[in-house]
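Asker: No letters, just coordinates:
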């Protein structure tokens, strides 16, 4: 079971509204290589890991990614708070407003609903760990794209933190895979 | 952020393999009215709640539903462990085996991938709470259908617990809605 | 069986072209909480109602929602008639034009095709009526969002009519649910 | 707007329960070439027809197809009424039961939700009429497949009626297209 | 099996960057009536054709359409090469950039992933050929829409070539259908 | 552009009808880790490779995977030829028959339509090559699952060949990635 601690893993304090940037962040909220994809894939795959160590690593990272999803939500929330209808229209988000008001929703930036078609589990733990490594690389690439799309330091700082975590996760999955291969 | 406690909210100890029952449980794992739908909907909607009390309730229940998703996974895992290829074929699950081996995956019982098309957020907190109440009712109905599909007491007990929790959540959402309406 | 009467339930006479508003209206044409969702959900659920009164109510409202879908189509048609390619491009609708010319299509405002993943039926008529009540609330919220997006009185008037009908439907579903509960 | 007449276009009186046949009929209820696809495609395309005659034909057939959808629903309802849980399991429909009880839902026979990805509108009325002709041919083929799947005369009679109507619609679309081409 | 020849069927030499036009071309890359739809539909249907002549025609056109898909990709690539982040944002493509960088991906212009829900096979070869004829008409209409969206002669020339090929394919499918009907 | 050679890459001569095995093979025909996914992903990614060598490798393997897709189609065709309606019903394929007759269609074994949500392109060639390596591993795992599902030597031989090719592709992607990393 899970516990919630009312605190973000890394602080988010964005002062400047930016609806388009909020929209781009949907890539990590409900996109193919989002924190949601990572978290759900690892929660699901941990049942296929061959030992407690593997199960624990998958669980740990799944739980951390869920916290990252929360950080992305906090960023989107702060980037959109107080927006007027005119700002929403100008940002090209009138269609999403019609459905969801100015609130968050689990789609990609184009409004395509999230689907578990984005993730995979094969029951072969070496293969699953390679999928996880590739997924972490894609997530890192998405963070780099997002960092290219802004120069707001309040947005860049948490993005840089999150990007760094994907690199750490990649290493941890790689180490585990190598240990299993060398057994 | 989130913490994981290596313990299920309610114990799951299933002794008898039953692949078809595991498949039916996918309704609560990756189906429209699944624990995943509930958890994601509440995590997403909490940003629209008008006060801390509302945000806290949505968060609490979202976190608990995630623990229920874990219970469902544990049930499916125990119901399928040790299955032979022949048993898998006989249960009509050869197609899923071809993709995912005998492991869990976030689809409904028919193999349809989970999608956030199943959930909603309107930014209107009264409306969102009514959607949550209706969602809890549907989840309760799904648990009742699942209980109709088995007579294994080890499966029935956690299902009965989970069904009961949906009723409690329904009440809590209803109370909050009524408080907001009476303000 | 059904009969068509060549008359809208409420008159639509829009004089001013507005492609973006037409696009926003897709929320009620092919979006999650659209008139299409309402109509299909009630047509499907009426088979689960326990008596003729319930079946008749679901049928009545399903038929009316179909007429509302027609009103939305008429509004979108009038808002887009005579648009030039340049206007279409400027409204950000060049991509939809490439596929569908300037015509209507059953997607949400972001171009996501309509899917029955948006609707539900559980076979439990109390639950289904609560889903219907929540659905009417969401549809009402969407109409309010749409009314926020325009100040064209010719668009506002039919939207206000349609919003009002959702409130009436909510009441009728609620009354029926209460009668069933009090039996 | 639309009116409902409490009468099927052709009588449906099925005496023998057959859950698998009900499931196959989903092909015409929520499948790619279903009555729903036909009805929605024509309702949507009528706005692109160049004259009142074209608009009227599209509307007429769209309305009739909606009545056919109702016939399919009636057939499925009669084929499943009174089924026990054991019969549902044996028919391989336990997974659908978990979500929807024994009731109808707008998916194809494999449980894939209906989507408007199945239909099209190009704004070019000659092209749209050719799509409609091809669609009627596919619907006729589906009825022939369904007739191959049963020897229950009470099921065959309405299927034969519906198949015949698709042939008539094909002819009417073809005549209209030819008139437009010869102008 | 297949062989690749490093040469486009018709030359593509676009000198002027145009991100929006590249985006519109997604209609033929990953849209409902795209070259991908055509190619996959014919490859799949050739197994249902009643004789070698039919199988050969379907294969020939499927292979040619794959080459057309390559031409579309080349056009999109040349239209986007060297784009700056600012140009990408201004073209409304920041969301796609966040996921895919400036690269191609198999979606429609709105970012909706390609799905084989767009295509069909009925096993009835006359019906399948009529679907193919209608599909070629829709693809032709899409090319005409695309030609309406640009006045760049380097873009128009390959589009005109591709449009012409769809007309030729339509004729070839029609001839084959007529031969089969007249047997 | 592409050329077709009327010859399979490896011979397929299956003598014994087996509808269920044909259905399982859909995992490689229209499933998430299918030959179609591989081919489309590489065709799409080759535009992101940094040099001719990379583009050529992606193209080569994409073209070969298309030939593998053809082999899978041939296997499915031979496994289903001559099936009676009763055999189709018994294999649980009556629903697919209702839509597609006994023919092939690009879905996974559960009838879920193929979607490009299964594949990815990030524009970062190292990341894309890691995605390709993981994809080849998953495809290999799927072939191993399929080999577990049959003991028909005529089916096993081409599956073993195809499995072996995935291993070769994995190596070639890995070599290219390493060369790029060591530059």
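Answerer: Cool, got the structure. None of these values were measured; they are calculated from a predicted model.

Asker: all strands of chain A, in order?
Answerer: Under the criterion DSSP state E, chain A carries strands at the ranges A:2-4.

Asker: any weak-confidence spans in it?
Answerer: Of all residues in chain A, none has pLDDT under 70.

Asker: Up against chain F, what does it have?
Answerer: In this structure, chain A approaches chain F at residues A:32-33, A:115, A:117-118, A:120, A:122-124, A:126-127, A:130-131, A:133-135, A:137-138, A:140-142, A:144-145, judged by C-beta under 8 Å from any C-beta of the partner chain. Where you see a C-beta, it was placed from the backbone N, CA and C, and this is true even at glycine.

Asker: For chain B, tell me which of the residues you listed show up nearby.
Answerer: When the residues of chain A next to chain F are filtered against chain B using C-beta under 8 Å from any C-beta, the residues retained are A:115, A:117, A:122-124.

Asker: Output those as CSV; include the columns distance to chain C.
Answerer: What follows is those, written out as CSV (distance: C-beta to the nearest C-beta, whole Å):
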residue, distance to chain C
A:115, 10
A:117, 13
A:122, 26
A:123, 27
A:124, 30
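
Asker: got a winner among these for most neighbours?
Answerer: When neighbours are counted by other C-beta atoms under 10 Å in any protein chain shown, residue A:122 leads those with 28 neighbours.

Asker: circling back to that earlier point, could you tell me which of the ones next to chain B among the residues of chain A next to chain F are located in helices?
Answerer: When those are checked against helices using DSSP state H, none is located there.

Asker: Filter the residues of chain A next to chain F down to just the ones in helices.
Answerer: Counting by DSSP H, the members of the residues of chain A next to chain F that fall within helices are A:126-127, A:130-131, A:133-135, A:137-138, A:140-142, A:144-145.

Asker: Narrow the residues of chain A next to chain F to those that are buried.
Answerer: Members of these that pass the buried threshold by neighbour count (16 or more other C-beta atoms under 10 Å in any protein chain shown) are listed as A:32-33, A:115, A:117-118, A:120, A:122-124, A:127, A:130-131, A:133-135, A:137-138, A:140-142, A:144-145.

Asker: how near is the closest residue to residue A:163 other than its chain neighbours to chain D?
Answerer: Once its chain neighbours are removed from consideration, residue A:163 has its nearest residue in residue A:143; the separation is 3.8 Å (C-beta to C-beta, 6 or more residues apart in numbering or on different chains). Counting by C-beta to the nearest C-beta, to the nearest Å, the separation of residue A:143 from chain D is 32 Å.

Asker: Next one: residue A:143 relative to chain F, how far apart?
Answerer: Residue A:143 sits 11 Å away from chain F, taking C-beta to the nearest C-beta as the criterion.

Asker: in terms of contact, does that residue touch residue A:162 like I think?
Answerer: Yes. Under the criterion of C-beta atoms under 8 Å, residue A:143 makes contact with residue A:162 at 5.7 Å.

Asker: quick one: the residue nearest to residue A:36 when sequence neighbours are not counted from chain E, how far?
Answerer: Leaving aside its chain neighbours, residue A:36 sits nearest to residue A:69 (5.6 Å; criterion: C-beta to C-beta, 6+ apart). Distance of residue A:69 to chain E, computed by C-beta to the nearest C-beta: 16 Å.

Asker: neighbours around residue A:69, how many?
Answerer: For residue A:69, the neighbour count with other C-beta under 10 Å is 25.

Asker: do residue A:116 as well
Answerer: By the criterion of other C-beta under 10 Å, residue A:116 has 24 neighbours.

Asker: which of the residues in stretch A:28-46 are buried?
Answerer: Neighbour-count burial for stretch A:28-46, counted by 16+ other C-beta under 10 Å, picks out A:28-46.

Asker: roughly how far apart are the residue most central in space within chain A and residue A:110?
Answerer: Here the mean C-alpha position of chain A is nearest to the C-alpha of residue A:35 (C-alpha atoms, centre = their mean), at a distance of 2.0 Å. In this structure, residue A:35 and residue A:110 are separated by 18 Å, where distance is defined by C-beta to C-beta, to the nearest Å.

Asker: and if you look at residue A:15?
Answerer: Residue A:15 sits at a distance of 28 Å from residue A:110 (criterion: C-beta to C-beta).

Asker: Give me the more crowded residue out of the two.
Answerer: Between residue A:15 and residue A:110, counted using other C-beta under 10 Å, residue A:110 has the larger neighbour count: 24 against 8.

Asker: Just give me the neighbour total for the residue nearest to that one when sequence neighbours are not counted.
Answerer: The spatially closest residue to residue A:110, leaving aside those adjacent along the chain, is residue E:111, at 3.0 Å (C-beta to C-beta, 6+ apart). Other residues within reach of residue E:111, judged by other C-beta under 10 Å, total 25.

Asker: give the contact list for the nearest residue to residue A:8 once chain neighbours are set aside.
Answerer: The shortest distance from residue A:8 to any non-neighbouring residue, by C-beta to C-beta, 6+ apart, is to residue A:71 (5.4 Å). With contact taken as C-beta atoms under 8 Å, 6 or more residues apart in numbering or on different chains, residue A:71 is in contact with A:8-10, A:12, A:158, A:162.

Asker: Ok, residue A:40 next?
Answerer: Contact analysis of residue A:40 by C-beta under 8 Å, 6+ apart lists A:62, A:116, A:119, B:36, B:106.

Asker: hang on, the residue nearest to the centre of chain A packs against residue A:73?
Answerer: No. Residue A:35 is beyond contact range of residue A:73, at 9.4 Å (criterion: C-beta under 8 Å).

Asker: Identify the contacts common to these two.
Answerer: residue A:29.

Asker: and chain A, which residues reach chain C?
Answerer: If contacts are counted using C-beta under 8 Å from any C-beta, the residues of chain A sitting beside chain C are A:85, A:89, A:92, A:94-99, A:101, A:107, A:110-113.

Asker: Would you mind checking those residues for buried ones?
Answerer: Restricting the residues of chain A next to chain C to buried positions leaves A:89, A:92, A:94-99, A:101, A:107, A:110-113, with burial counted as 16+ other C-beta under 10 Å.

Asker: Filter those residues down to the ones in helices?
Answerer: Among these, the residues falling in helices (DSSP H) are A:89, A:94-99.

Asker: show me which of these neighbour chain B.
Answerer: Restricting these to those adjacent to chain B (criterion: C-beta under 8 Å from any C-beta) gives residue A:99.
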